[in-house]
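**Q** Take a look and give me a structure for this.
(chains A and B)
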Amino acid sequence: MLIIGGGIVGASLAAGMAGRGAKVCVLDGGDTDLRAARANFGLVWVQSKGHDMPAYGRWTRQSADLWPDFSEELADRTGFDLQLSQKGGLSFCVGEEELEQKRSRIARLHNQREPWSADIHVLERAELEALLPGVRLGAKVAGASFCPQDGDCDPLALLRALHATLAFQNVALHRDTKAERIARENGVFRVGTAKGAFAAPRLILAAGHGSRELAPQVGLAAPIRAQRGQILVTERMQSFLPYTGDTIRQTGDGTVMIGATHEDVGFDLGTTADGGAELARHATEVFPDLAQAKLVRTWAGLRVLTPDGCPLYAESETHEGAALVTCHSGVTLAAAHARLLAPALLAGRLGEAFAPFGPARFGKGDDVSQAA
Amino acid sequence: MMFRKPPEAAAGLITAYVQGRPVQVNAGESAAAAAMLAGLVATRYSPVSGAPRAPYCMMGICFECLMVIDGIASRQACLVPVQEGMRIEPQDGRRSLAP
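**A** Model prediction:
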């Protein structure tokens, strides 16, 4: 099995497949590629998934439930502490209108009558205050939504642990070996790179933004677009936020991460004063005392988004043995990708369970330009 | 402020407080200089290892001299000109959220 892409998605699949005895080889790109695996918020995030696709909500929750064991296995094998914490996640609402919108979103989720989402609920301001004793909330904070299964981890430790696992499994991980073109000859895929050709009877595309150009070469479409997220990082502070959050979270080291913008700027990884100001405004509206914190870094990553934001798992009809895996939530879904998707892909038939994530939902000719 | 003349004694002495103890320093000196004049060996303790640290580069690059100055944490003491009555405290590990 040849996997194109050694980021969190590709490496999770490779580890899952190698763990089931498959002979796996991974081709990874260069350091300056658009690596979402090296620029993300590190969330294992459930509460906002699946409003328009119940299967995505279930799948996400399944992965969150697998995460503790998945993380422990990686730590045991590699010695990397992934700093997984799943105490629940907060999505802060500034102003009553935001809280009302959150309330109706959650009601819509509950109307699906999916057991996995029953625990997600809204916290009024007083309940939020009770959850964060001794922490001053901004005057406009109306409340938050809370999901007990939400968590976070150190995504760089996750990536390193996955790569270390691959070494342990004797999976060849070829770095700085960007796949340039794919041909199929006599039922074997040949992937051309600057370092020579790699051949295998089966192929998985997990190259993030790089999949867009590669997919048509094996009869697939990867209608994905980039969305920039800028992030602010503060100095290390005493722990005040034991729960994770989708806009503000504190790492085990005490660093506060504030994110993230949603910008359509193509493949521009730059940061802007306006973006930083927007993030700082939100963070200080929620926790006014953060105004005193020193910022030590700001950076940006590019989300990998399908037209509906949900994962796309597709097997090629014209090039048997080739498949595409792409999603926005590579960290959240890492456990499910390694433990559940990898064996299904190995079996060569994704089947009914994965049908909701197939390409049929986009229709023919549906592309980013129309969907965005 | 890339270049400046060294402070001269003629500029006059002022009193700052390092860990509550008064210290006489030349006007124009930095808070880090005042801390060292006061005999403070560790001006901060690392938030990661807890190790004692002291001013090193004295020109704003190394961030080793982070101190709590007049109640504000994580200030680069080597870049803060000392003021009459200034309170200069070592920073012990991570700063707190609340002032």
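
**Q** Need the phi and psi values for residue 79.
**A** Reading this off chain A. When quoted as degrees, to the nearest 10, the phi and psi of A:Gly79 stand at phi 80, psi 0.

**Q** hm, I was asking about chain B
**A** phi -100, psi 0.

**Q** Surely it touches B:Ser30?
**A** Yes - counting by C-beta atoms under 8 Å, a contact exists between B:Leu79 and B:Ser30, whose distance comes to 6.8 Å. Glycine gets a C-beta too; all of them are placed from N, C-alpha and C.

**Q** Among the two, which residue is more densely surrounded?
**A** Of the pair B:Leu79 and B:Ser30, B:Ser30 is the one with more neighbours under other C-beta atoms under 10 Å in any protein chain shown, namely 22 against 14.

**Q** what's near enough to touch the more buried one?
**A** B:Ser30 makes contact with B:58, B:77-82 under the criterion C-beta atoms under 8 Å, 6 or more residues apart in numbering or on different chains.

**Q** go with 7 Å
**A** Listed by C-beta atoms under 7 Å, 6 or more residues apart in numbering or on different chains, the contact partners of B:Ser30 are B:77-82.

**Q** what does A:Thr251 give?
**A** Residues near A:Thr251 by C-beta under 7 Å, 6+ apart: A:83, A:154, A:257.

**Q** Same question for residue 90, what's its three-state structure.
**A** Answering for chain A, as no chain was given. Remark: A:Leu90 carries the secondary structure label strand [criterion: DSSP: H, G, I helix; E, B strand; the rest coil].

**Q** Can you name the residues bridging to it?
**A** Each beta-bridge partner of A:Leu90 is listed here, defined by DSSP bridges: A:Phe146, A:Gly245.

**Q** Excluding chain neighbours, what is closest to A:Gly321?
**A** Spatial nearest neighbour of A:Gly321, excluding adjacent residues (C-beta to C-beta, 6 or more residues apart in numbering or on different chains): A:Arg202 at 4.3 Å.

**Q** for chain A, what are the nearby residues on chain B?
**A** Remark: the part of chain B in contact with chain A comprises B:47, B:72, B:74, B:94-99, using C-beta under 7 Å from any C-beta of the partner chain.

**Q** Please list the members of these that lie in helices.
**A** Taking DSSP state H as the definition of helices, the residues of chain B next to chain A contribute nothing to them.

**Q** and those as JSON lines, adding pLDDT?
**A** Supplementary listing: these in JSON lines, determined by pLDDT from 0 to 100:
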{"residue": "B:Pro47", "pLDDT": "91"}
{"residue": "B:Ile72", "pLDDT": "90"}
{"residue": "B:Ser74", "pLDDT": "92"}
{"residue": "B:Arg94", "pLDDT": "93"}
{"residue": "B:Arg95", "pLDDT": "90"}
{"residue": "B:Ser96", "pLDDT": "90"}
{"residue": "B:Leu97", "pLDDT": "90"}
{"residue": "B:Ala98", "pLDDT": "84"}
{"residue": "B:Pro99", "pLDDT": "72"}
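
**Q** In the stretch 251-372 of chain A, where is pLDDT below threshold?
**A** With pLDDT under 70 as the threshold, the stretch 251-372 of chain A has low-confidence stretches at A:364-372.

**Q** ranges for the strands of it?
**A** Per DSSP state E, counting those that start in this stretch, the stretch 251-372 of chain A carries strands over the ranges A:255-259, A:295-305, A:312-315, A:322-326.
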